[in-house]
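Asks: Show me the folded form of this:
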Amino acid sequence: MPRKPRMNLPGVPCHIVQRGNNRQATLFRKRDYQFYLDCLLDATRRYKVDVHAYVLMTNHIHILATPEYKESISLTMQSLGRRYVQYVNKEYVRTGTLWESRHKASLVDAEHYFLTCSRYIELNPVAANMTQHPVEYTWSSFRSNALGQPDPLIKIHEMYRRLGATHELRRQAYAALFDGVIDPDDVKLIHNAVMCSMPTGDSRFKEQIETVLKRKVGYLHRGRPGRRKNAQCK
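Replies: Here you go, the predicted model:
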């Protein structure tokens with residue numbers, strides 16, 4: 001079965017997930033994390049992608065970014081993947097697959113889910129019981145978005161800009177979002193959407209995406225009509 005085309009659209013935020021093959025580790029030492037970020041910065045500058053949030057976990061990566069062109073994200077992830085795999089293979093004298101198939105990607109309804117998706121990404125270390133608060137984790141965008149720590153990767157999105165009239169007010173408002181927990185239904189929606197490369201949003205947002213793409217987006221049902229029990233990603 002041919003791969004379905006990506007749902008990348010210029011100017012629309014995209015939640016990207018890249019996982020290690022068989023959930024194996026892909027980042028091992030401090031210099032690996034830094035090299036990955038350096039490669040990401042180079043690729044996003046070359047292919048015109050604005051990164052708004054990210055987290056580097058031991059065996060997977062989350063990125064929230066907006067492409068300038070339709071192919072910007074695909075080209076960025078291809079370049080990033082090639083450079084980082086070459087680095088790991090040389091550094092650790094290894095061969096074989098590092099990443100699990102293609103990266104996952106979900107278009108995000110910025111008006112309703114941008115900030116929630118950003119929180120979801122930066123809360124990954126907390127969800128994994130690695131830290132009690134995202135500020136304790138080095139390899140994410142939280143310190144930049146919430147504390148103003150310089151990070152050449154981070155570009156402000158309009159939804160973040162609306163949080164306040166000044167940089168300080170925006171940072172304070174963003175940090176305050178982490179005082180509460182994300183609605184479990186939103187967590188489930190974001191997780192399922194990116195794992196199945198579906199839009200992160202309601203039915204109206206999905207219809208808008210379908211209109212622009214001129215094709216249906218949905219889940220693949222396997223089995224005979226009338227016997228379909230489980231919907232799978234397509």
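
Asks: alpha carbons only for contacts and neighbour counts from here, please
Replies: Noted.

Asks: Flag the shaky bits of this structure, pLDDT-wise.
Replies: In the predicted model, the chain carries pLDDT under 70 at residues 1-5, 218-234.

Asks: show me where the protein has strands.
Replies: 14-19, 49-56, 60-67, 104-107, 220-221, 231-232 (DSSP state E).

Asks: Mind listing what's buried along the first one?
Replies: When neighbours are counted by 16 or more other CA atoms under 10 Å, the buried residues of strand 14-19 are found to be 14-19.

Asks: Equivalent analysis for the third one, please.
Replies: Burial within strand 60-67, assessed by neighbour count using 16+ other CA under 10 Å, is assigned to 60-67.

Asks: want to throw those into a markdown table with distance to Val194?
Replies: As requested, the buried residues of strand 60-67 are exported to a markdown table (distance: CA to CA, whole Å):
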| residue | distance to Val194 |
| --- | --- |
| His60 | 13 |
| Ile61 | 12 |
| His62 | 10 |
| Ile63 | 11 |
| Leu64 | 11 |
| Ala65 | 13 |
| Thr66 | 15 |
| Pro67 | 17 |
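
Asks: so what's Asn89 up against?
Replies: By CA atoms under 8 Å, 6 or more residues apart in numbering, Asn89 lies in contact with Thr95.

Asks: In this structure, which helix is the longest?
Replies: Longest among the helix segments of the chain by residue count, using DSSP state H, is helix 72-91.

Asks: Could I get the buried residue list for that helix?
Replies: Neighbour counts over helix 72-91 (16+ other CA under 10 Å) mark 72-77, 79-81, 83-85, 88 as buried.

Asks: what's the angle between that helix and strand 60-67?
Replies: Angle of helix 72-91 versus strand 60-67, following axes from the mean of the first three to the mean of the last three CA atoms, to 10 degrees, is 150 degrees.

Asks: what's the angle from helix 72-91 to strand 49-56?
Replies: Using the same axes, to 10 degrees, helix 72-91 lies at 40 degrees relative to strand 49-56.

Asks: Kindly calculate the angle that helix 72-91 makes with strand 14-19.
Replies: 20 degrees.

Asks: Could you report the distance from Val51 to Leu40?
Replies: The spacing between Val51 and Leu40, counted by CA to CA, to the nearest Å, is 9 Å.

Asks: got it, and Val12?
Replies: Noted for Val12: a distance of 19 Å to Leu40, by CA to CA.

Asks: Neighbour count: these two, which is higher?
Replies: Set Val12 next to Leu40 and count neighbours by other CA atoms under 10 Å: Leu40 wins out with 22 against 17.
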